[in-house]
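In: have a look; sequence and predicted model below, questions after that.
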Amino acid sequence: MRAAPVANEVPAGPSGWLVSPAYDLAWFSGPALLASAAALLLPDGAEIGLVGWLVLVVIVDVAHTWATLYRAWLDPVARRDRAELLWGVPLVAFAGATALHTLAAPWFWTGLAYVAVFHFVRQQQGFAALYRARAGVPHASLEARVEHYTVAMLCIFPILSWHASLPRRFVWFTAEDFFVGLPPLVATVAGIVTAILFATWAALRLRGRVWQPGRDLWVLSTAVSWTVGIVLTNGDAAFTLANVVAHGVPYFALVHHVGRRQWREGEGALTARWFEPAFVAAFLALPVAAALVEELAWDALVWREHLFPPADLPDWLSALAVPLLATTQLTHYLLDGYLWRLGPKGSGLRRWLVG
């Protein structure tokens, strides 16, 4: 049975929207733009606070990593086709995290931070690729290649700018996780390259004379959220708001959209009914509950920053807790590159996303 269309969903075929104008604006580019605007209004150096931690870190950032459950272990198709990957990646992630944390804990945090940055950049590129596929843009065309590298540099330039101006009032995981000493000239050159790529991308889009609003807004929202959260502001709250919302909310929305189309074609997850709009609270409940448990464990066993008072914890406890708790993030980072590959024409994910 073919999937019934989502309300206002754009029919399969070339389109400037991934789902529909309302859906894309509400859940893909819109959150990044609104969060960035809010970040600009925050006082310089503003901290995230307990409420911000609960909403942005627990409910958005950490919970979106648990939403991978719907695309992996709760998906019968994925369990059938990728069983070795689904069960092997968490084991490899835990073993690698344990080994690195045991040998050199600071290097563990550095490695985790750079894997996370890579994952964030790749998600921005991945959404752009989905928009191009939906619009029928050839994968090997000049326009596609320029857009691919433009989106990457819109993320990489702010990261290099961050490196060249350390220390800042915000961190990724810890204050020492990024390498220090990057010459400012490197960030300047990266900024010039980014500007040239962006101008070239804009020229190619204008030359094409076909406005594809969802796709174009995704590129623009990437530029805005990464520049605002890292370059134009200098605070934990602004960084978390601009970047976490732009990353976590679209991921949740994409998982929900794919799950809804998938189960209506008879290939749904165990929790199929949760993908109906009326059951969105149930859809969110599982990853949010898992994220809350995980973050409470982080706070109790490692950070002691939010709900638990500072305390000197034994080293052996940290040695056990950190790799175990980091395994969910690492698994999400490593699996996503495989779970969201469109595959050949007629394959499930391609059919559900781009027609």
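Out: Yep, it's here.

In: what does stretch 177-197 contact?
Out: Applying Cβ atoms under 8 Å, 6 or more residues apart in numbering, the external contacts of stretch 177-197 come out as 106, 109-110, 112-113, 146, 149-150, 153-154, 156-157, 160-166, 171-172. (C-beta placed from N, C-alpha, C; glycine too.)

In: buried ones in that stretch?
Out: By neighbour count on 16 or more other Cβ atoms under 10 Å, the buried set for stretch 177-197 is 177-178, 182, 187, 190-191, 194, 197.

In: which strand or helix spans Leu25?
Out: Using DSSP states H and E, Leu25 falls within helix 21-27.

In: which helices and strands sit right next to that helix?
Out: helix 213-226, helix 236-264 (3 or more Cβ pairs under 8 Å, 6 or more residues apart in numbering; DSSP states H and E).

In: can you redo those helices as a markdown table with mean neighbour count and mean pLDDT?
Out: Formatted as a markdown table, these follow (neighbours: other Cβ atoms under 10 Å; pLDDT from 0 to 100):
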| stretch | mean neighbour count | mean pLDDT |
| --- | --- | --- |
| helix 213-226 | 22 | 97 |
| helix 236-264 | 23 | 93 |
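
In: TSV for the ones you listed, including distance to Val58?
Out: Compiled in TSV, the helices and strands packed on helix 21-27 are given as follows (distance: least, Cβ to Cβ, whole Å):
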stretch	distance to Val58
helix 213-226	20
helix 236-264	11
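
In: nearest to Leu54, of these?
Out: The closest of the helices and strands packed on helix 21-27 to Leu54 is helix 236-264. By Cβ to Cβ, the value is 11.9 Å.

In: show me what the helix or strand of the chain with the lowest mean pLDDT is packed against.
Out: Least confident element among the helices and strands of the chain, by mean pLDDT, DSSP states H and E: helix 348-354 (a mean of 79). Packing partners of helix 348-354 (3+ Cβ pairs under 8 Å, 6+ apart): helix 105-135, helix 236-264.

In: I'd like those helices written out as TSV, with distance to Leu307 added.
Out: Below are the helices and strands packed on helix 348-354 laid out as TSV (distance: least, Cβ to Cβ, whole Å):
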stretch	distance to Leu307
helix 105-135	22
helix 236-264	17
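
In: closest to Gln329 out of the ones you listed?
Out: Using Cβ to Cβ as the measure, helix 105-135 is the one of the helices and strands packed on helix 348-354 that comes nearest Gln329, at 7.2 Å.

In: in the least confident helix or strand of the chain, what's buried?
Out: For helix 348-354, a neighbour-count test (16+ other Cβ under 10 Å) marks 348-354 as buried.

In: can I get those residues in JSON lines with distance to Arg341?
Out: Formatted as JSON lines, the entries for those read as follows, by distance: Cβ to Cβ, whole Å:
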{"residue": "Gly348", "distance to Arg341": "11"}
{"residue": "Leu349", "distance to Arg341": "7"}
{"residue": "Arg350", "distance to Arg341": "9"}
{"residue": "Arg351", "distance to Arg341": "13"}
{"residue": "Trp352", "distance to Arg341": "13"}
{"residue": "Leu353", "distance to Arg341": "11"}
{"residue": "Val354", "distance to Arg341": "12"}
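
In: for Ala32, state which of these is nearest.
Out: When the buried residues of helix 348-354 are compared for distance to Ala32 (Cβ to Cβ), Leu353 wins out at 19.7 Å.

In: picking up where we left off before, pick out the lowest-pLDDT one from the buried residues of stretch 177-197.
Out: Among these, Asp177 has the lowest pLDDT, at 94.

In: excluding its backbone neighbours, what's nearest that residue?
Out: Of all residues not flanking Asp177 in the chain, Ala113 sits nearest, at 3.9 Å (Cβ to Cβ, 6 or more residues apart in numbering).
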